[in-house]
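Visitor: have a look at this prediction, sequence included:
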Amino acid sequence: MIKLFREGYTSLTGIVGPLLFLKGVRQPGFAELVSIETPSGVRTGQILQVEDDLCVVQVFDGTMGMDTGKSTVWLERDIVRVPAGDALIGQILDGRGRRIDGKTIGYIEKLLPTSGMPINPVWRQSPSCYIETGISTIDMMNTLVKGQKLPIFSGAGLPANQLAAQIVSQSRVPGSDTDFLVIFAAMGITQREADFFIDTFRSTGAIDSGIFFLNLASDSAAERLLTPRMALSVAEYFAFEKNYDVLVVMTDMLYYSEALREISAAREEVPGRRGYPGYTYSDLATLYERAGCIRGARGSITQIPIITMPDDDMTHPVVDLSGYITEGQVVLDRSIHDRGLYPPINVLPSLSRLMNKGIGKRKTFEFHRLMADQLYASYARAQELERLRLIVGDDGLTDTEKLYLAFGREFEARFVNQGSVFRTLDTTLNEAWECLKELPNTELYRIPPCFIAEKLGSGREYS
Amino acid sequence: MSNLGEITGISGPVVKAKSDLAIRMFEVAHVGRDELLGEVIRILGNNIFIQVYEDTSGLCTGEPVYFTGSLLQLDLGPGLLGSVLDGIGRPLTRLGEEGIFLKKGSHASPLDPDRKWQFFPSVEVGSLVGPGSIIGNMPETSFLNNRIMVPPDVSKGTIRSIASPGEYTVSDELCVLDNGYVIKATQTWEVRQPRPVMMRLPFDQPLITGQRVLDTLFPLALGGAAVMPGGFGTGKTVTQQSLAKWCNADIIVYIGCGERGNEMTEVLEEFPVLSDPYHDVPLMERMILIANTSNMPVAAREASIYLGMTIAEYYRDMGYNVAIMADSTSRWAEALREIGGRLEEMPGEEGYPAYLGTRLAQYYERAGRVKNMGEPVRNGSVSVINAVSPAGGDFSEPVTQSSLRLSGVFWGLDKRLAQQRHFPAINWQQSYSLFEDTLDHFFSSRLGPEWKFLKSYLKDMLERERILKDLVQLVGRDGLSEQDKWLLELVEILKVVYLQQNAFSDVDAFCSLDKQKQLLLILKRLDDVVQVKLEAGLIYDQISSIPFRIDLLKLRDLDQPELESKGKYWLDKLQHQLQDMVVFK
C-alpha cells in the first residue's frame, strides 16, 4: 500500500536518556514505529507509552546530538517489522536486521512483526527428539531435545562462548533429514566476543548456514530490546513456514535485561528486585516461550540463551527468573574451571526438564534415565564426602566412602573433562561405565543388576 | 451509543479511557476496534483505568471503549470437564481452529453451544426447590454426572414445568419455576464472587495423594489448602502433576498460571492417555485445564485463579470433591505487581502491591469442605494445592509468607534434595501440616492404632539422623557407636525406599495407604531385626555389604498383598543370615 501522505510532528518537548517526549500527536498507536529526521540523519524509534496527546518514544539509535527544535518525528503507522526470506541465510546483520556491510538484503519474502504472538498451548507438541551435542555431561545427564530452551548459566571469565560455539558447530539430530539452521542473536557483547563467534563459525563453516544478528556493547540499549525479537521472528518463519530445525543462540541475556532496566529507569517506573522492572519475568517469557515444536510442523525452534551470573550468583534476578521460564539449565562452575577442566559444567545444579521425553529405548538407550540418576546420586555423594573429608580427614572415612571419593575424581577427570572434541553417545556411555567401575555393585542400586552384570560382571560386591 | 468511552492513554496492559458515565469497578469493557477484553480497575473522576487481557500493540488513542455493565463472569455447565480454557475462560481448542497463534479479540463461551446432552430429571412438577437444589442429571463424562442445579441467586419456588428425559443443548429450557424463573443447563457466575454454601464442615477427611512422604508425614485434609514453595528445578511441577494424576479428588482444576507452554502441552498429551486410578477412564475426563502460559497476556493471569476457583466451586456445589492446583502463585502475584506498577501505585514489600495478602485471601478462603445448599443434602469440597516460586529460592519473600499464613499445609521443596535427585524433594524438617490432629481419627480407624506409632517412629529416625549428622561432621564416622552407624544406614534406606518416590515408574507413582503402612512396617521390622543383633555384639561392617536398598526397592515394586508375604519372607531370610554371622563378644 502506498501512502499518499506522511504524518510528521516537530513538537518534541523533552529528551531523557534514550526516550523522546512528543506532544500534540493525533491518535498515536501503541508500539508503533516512527522515524526521526534530524539534521545529522534519520533515526528510528518506537512508541512506548501514550498518555492523551503525549507520546513516549524510544530511539533505537540513541539520542546523542538530538535537539528538540530541528527534529521531525514521522509516524509510520505500522508496528516494527523484520524482513524474512531465504536471502537472509549466511548474512551478518546488525541488531536491527540491516546488513552489517550496508548493502541491502536481496529478496525479501515477508515483513514480519517482531513481537510475535503467543502459541496456543493446544497446538504445541511436546519436544521429544534427542539432539546429540557431543558433550558427555549434556548428552548423558542433561539431554537437550529439539524445541527446548536450555540456557547456559556462566560467570565472568568462564568459557560459555566456547561451549556455545562448540554446541552450535557439532550438534546433530541422529536420523533426521530436516535442514538445520543456526540463528545467532548477540546482545550487548563486545566486539572481541563477536569476532570470536564469527571466526569460529567461519572456520567450521557454520557461517554459511546461519543468520547472525549483532547488537554490540556500544550499540543502543533500545536496539538491544529489539534484537532477540527480530531473531525469533525470523526463527519462527524458518521453523514453521520453511520446515527448518532452528537453533537460536542468544547471548547475553543479562545485558538484554540491563537494557530493559535502563529503559525502565528512564521512564521512571517503580523498580523491582535490584532495580529490574516488575515485568522482567513477563518480558523474558515472551522471548523464551517462542521456542518449541508445533503439531503438524516439521520444523522446530530450540534456544540456547547464555546468561552471565554476576559474581556467580544464581539468585540474581535475571538468572533466577530465566531459570523459572527455561526448561532447565547448564551451569558452569568456577572451581571446576580453575582446576583446568573443560567444559567446566557442574552437573549437580544443571538440569534438563525435557530430558525424559528424548531418551530411552529406540531414542538413546534403554536405561539412560537410570544411568543418569546413578551418576547424579553417586557424584552428589562424592561431593558431600569430599567436604566431610576436609573436616575429618581420610582416616575418618569408611572404605566404601573412599571408593566414592575415587569415583568423584575419576568422574571429573574423565567424564566431565572431555576437551573440545565430539563424543558420540556410545563413547560417553563407556566413559560413564569406566567411572562407575570404581564403586562396588551394591552401591549401583539405581541401575538394574542385569545391565551391571553385562558390563562390569557380577559378584564384585564381596571382593 | 451511551455506554461508550474513548481511549486516552496506553501503557502496556493498562489502558486509560474517558467516559462521562457511571462505570462500575471491575466492570468488563471491550477496548478498541478489535474489542479486546478488559476489566475496570480504577476510576478517577471520568478517567477510567482498564486492565486489558490481550496484547495492546497497535491500539490507538481515540479508539472506542464499550462498557458492558457486567462484571467478569463465566458460563458454567456441562462440557467444562476435559476442556482447556485460557485465563478468561475462552476455549483454547476452539480458538485453535483459527490457527496456531492466539489472535486478538476473539470472544467465545467455554461451553459448546451446539452439543446435545442427555438429561434425566430428578424432580417433579409441584415440588419445592430452592437455591442449589438439584433438578436433574446430565452425564458429562463416562462416570461423572453434571447435576443441574437451581442457581444460587434464585429464590425458592415450586416447579411449574420440567423437561422430559431427552437430549438438550446447554441453552435449552429445562425447568420453569412458579416465580417465572427459567432454569437451563448453563448458569453464569461472576468469577470474583464466592458461591454461597449452607455451612462449613470440619477438616476430618484426608485428600489422599498416593505420595508416601505427603500422606504419611504431612497429610492434607479435604477442603484444606497446601502451599508448595520451591526454587526452580526442585520439582514443583512434577509433584503437582503427580498429585493431579493420583489424588482421590473427583475433579481436578489445574491452572497453569504464567508457567511454561510445554508443561501445559505435556499435561494435554499425557492425561488423555493415562487412566484415572479410581475409575479406569482417561484422566482427562476429570480435568479442567486453565492455561495462561508465561507469554500470554499478563492481566489474564491475574483473573485465571478466580476463574479456576469459580469452576471448582460449581462442581463442589454438585457434591463433588474438587482439587484446584495453581502453578504458580508467584507468577500471579507478579501480574498483580506489574499492573500495580503501571498504575503507579505505592509498592509494598519487594515491589508487590500492599493488597497482595488481601487478594490472596480472596482466593484461599474460598477453599473448604462444605454442606451444600439445596436438596438433596450433600457435601462437597474444594482443596487448594498451590505452587509458589520464590525468587532465589528464598522462602522469606512476601508471596510465600502470605500464602503460608492462609494455608494449613506447607510442603517445602528443597534444592539440595533435588540436586541429589531425591524426589519428591520435600524437606521433612521444614514442612508441616496443621491437619494432623483433625485427621487423626480417620487414620487410626482406617489403618489401625499402630499407624500413629509408625509415623512417629519415622519422624523420630529422621530427627535423630539430623543430630547425628552434625556429630559426624565433628568426629568422623569411626567415632560412632555401632548402633549409630546402623542408624545412618537405616535412615539412608528410609530416604531411598520410603521418602523417595519415582513419579515416572508405573508401579511406584501411586502408593495406597495400605501399602504405605506395609512398607513402613517392613522397614521398622528390619530395624528391629538388626537392632537385636547389634545389641548382641554384631559389628556394623559385617552387614554393610548386604544390599538392603536393592532388595527393598524390588519389594517396593510389588502390589500390597504380595508385598506383605514377600516382605515377611525377606525379613525371615535376613534374620537367618544374621543368625549365622559370628558375633565377637
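Guide: Done, it's in. On a predicted model such as this, the values are computed, not experimentally measured, just so you know.
Visitor: need the pLDDT of whichever residue of the stretch 301-450 of chain A sits closest to chain B.
Guide: Distances between the stretch 301-450 of chain A and chain B by Cβ to the nearest Cβ are smallest at A:Gly396, namely 2.4 Å. The C-beta positions use only the backbone N, C-alpha and C, and glycine is treated the same way. A:Gly396 is assigned a pLDDT of 77 by the prediction.
Visitor: and it, its phi and psi?
Guide: When read as degrees, to the nearest 10, the backbone of A:Gly396 gives phi -80, psi 0.
Visitor: quick one: residues contacting B:Trp411.
Guide: By Cβ atoms under 8 Å, 6 or more residues apart in numbering or on different chains, B:Trp411 lies in contact with B:214, B:218, B:226-228, B:239, B:426, B:431.
Visitor: one more time with 7 Å, if that's ok
Guide: Counting by Cβ atoms under 7 Å, 6 or more residues apart in numbering or on different chains, B:Trp411 touches B:214, B:218, B:226, B:228, B:426, B:431.
Visitor: ok, the residue of the stretch 301-450 of chain A closest to chain B - contacts?
Guide: So A:Gly396 contacts B:476-478 (Cβ under 7 Å, 6+ apart).
Visitor: near chain A, from these?
Guide: The subset of these within reach of chain A, by Cβ under 7 Å from any Cβ of the partner chain, is B:476-478.
Visitor: buried members of the residues you listed into PyMOL, please.
Guide: The following PyMOL line selects those of the ones next to chain A among the contacts of A:Gly396 that are buried, judged by 16 or more other Cβ atoms under 10 Å in any protein chain shown:
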select buried, chain B and resi 476+477
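Visitor: restricted to helices, list the ones next to chain A among the contacts of A:Gly396.
Guide: Among those, none falls in helices (DSSP state H).
Visitor: what's the closest of the contacts of A:Gly396 to chain A?
Guide: B:Gly476 (2.4 Å).
Visitor: for that closest one, give its distance to A:Ile391.
Guide: To A:Ile391, B:Gly476 is 8 Å away according to Cβ to Cβ, to the nearest Å.
Visitor: same check on A:Asp245?
Guide: To A:Ile391, A:Asp245 is 50 Å away according to Cβ to Cβ.
Visitor: avg pLDDT for the helix or strand containing B:Ile288?
Guide: In this structure, B:Ile288 is located in strand B:287-292 according to DSSP states H and E. Average pLDDT, strand B:287-292: 91.
Visitor: what does it rub up against?
Guide: Contacts of strand B:287-292 (Cβ under 7 Å, 6+ apart): A:121, B:80-87, B:92, B:252-258, B:264, B:267, B:271, B:300-301, B:304, B:307-308, B:311.
Visitor: same question for stretch B:423-443.
Guide: For stretch B:423-443, contacts defined as Cβ under 7 Å, 6+ apart pick out B:202-206, B:211, B:213-214, B:217-221, B:224, B:234-235, B:238-239, B:408-414, B:417-418, B:451, B:462, B:466, B:499-501, B:503.
Visitor: likewise for stretch B:162-181?
Guide: Identification of contacts with stretch B:162-181 by Cβ under 7 Å, 6+ apart yields B:77-79, B:111, B:113-121, B:123, B:125, B:135-136, B:148, B:154-155, B:157-161, B:182-186.
Visitor: restrict those residues to contacts with chain A.
Guide: Counting by Cβ under 7 Å from any Cβ, the subset of the contacts of stretch B:162-181 that neighbours chain A is empty.
Visitor: now, those residues that are in strands?
Guide: Counting by DSSP state E, these place B:117-121, B:135-136, B:148, B:157-161, B:182-184 in strands.
Visitor: tell me the pLDDT at residue 411?
Guide: Since no chain was named, I'll use chain A. A:Phe411 is assigned 95 on the pLDDT scale.
Visitor: wrong one, chain B
Guide: 95.
Visitor: in terms of pLDDT, where does B:Asn427 sit?
Guide: Looking at B:Asn427, its pLDDT is 94.
Visitor: which SSE is residue 454 in?
Guide: Here I'm looking at chain A. helix A:449-456.
Visitor: actually chain B
Guide: Using DSSP H and E, the element containing B:Leu454 is helix B:450-475.
Visitor: show me which positions of that helix end up buried.
Guide: The neighbour-count check on helix B:450-475 (16+ other Cβ under 10 Å) flags B:451, B:454-455, B:457-458, B:461-462, B:465, B:468, B:472 as buried.
Visitor: you'd agree B:Glu39 is up against B:Phe26?
Guide: Yes - counting by Cβ atoms under 7 Å, B:Glu39 does reach B:Phe26; the two are 5.6 Å apart.
Visitor: quick one: which of these two has more around it?
Guide: Higher neighbour count among B:Glu39 and B:Phe26: B:Glu39, with 22 against 15, using other Cβ atoms under 10 Å in any protein chain shown.
Visitor: and the gap between that one and chain A?
Guide: To chain A, B:Glu39 is 18 Å away according to Cβ to the nearest Cβ, to the nearest Å.
Visitor: for that residue, give me its contacts.
Guide: B:26, B:28, B:50-51, B:72.
Visitor: ok, now B:Pro196?
Guide: Residues near B:Pro196 by Cβ under 7 Å, 6+ apart: B:152, B:373.
Visitor: quick check, central residue of chain A?
Guide: A:Pro305 (1.0 Å; Cα atoms, centre = their mean).
Visitor: what pLDDT does that one get?
Guide: Looking at A:Pro305, its pLDDT reads 95.
Visitor: which elements pack onto the one helix or strand it maps to?
Guide: Per DSSP H and E: A:Pro305 is located in strand A:300-308. Applying 3 or more Cβ pairs under 7 Å, 6 or more residues apart in numbering or on different chains; DSSP states H and E, we find strand A:300-308 packed against strand A:152-154, helix A:160-170, helix A:221-240, strand A:244-251, helix A:253-266, helix A:317-325.
Visitor: outline the domain layout of chain B.
Guide: B:3-71, B:200-432, B:448-579 (automatic domain parsing).
Visitor: that older thread, now do the shared contacts for B:Glu39 and B:Phe26.
Guide: Common neighbours of B:Glu39 and B:Phe26 (criterion: Cβ under 7 Å, 6+ apart): B:Leu72.
Visitor: that older thread, helices or strands next to the helix holding B:Leu454 in the packing?
Guide: Counting contacts by 3+ Cβ pairs under 7 Å, 6+ apart, helix B:450-475 is packed against helix B:436-447, helix B:482-493, helix B:513-535.
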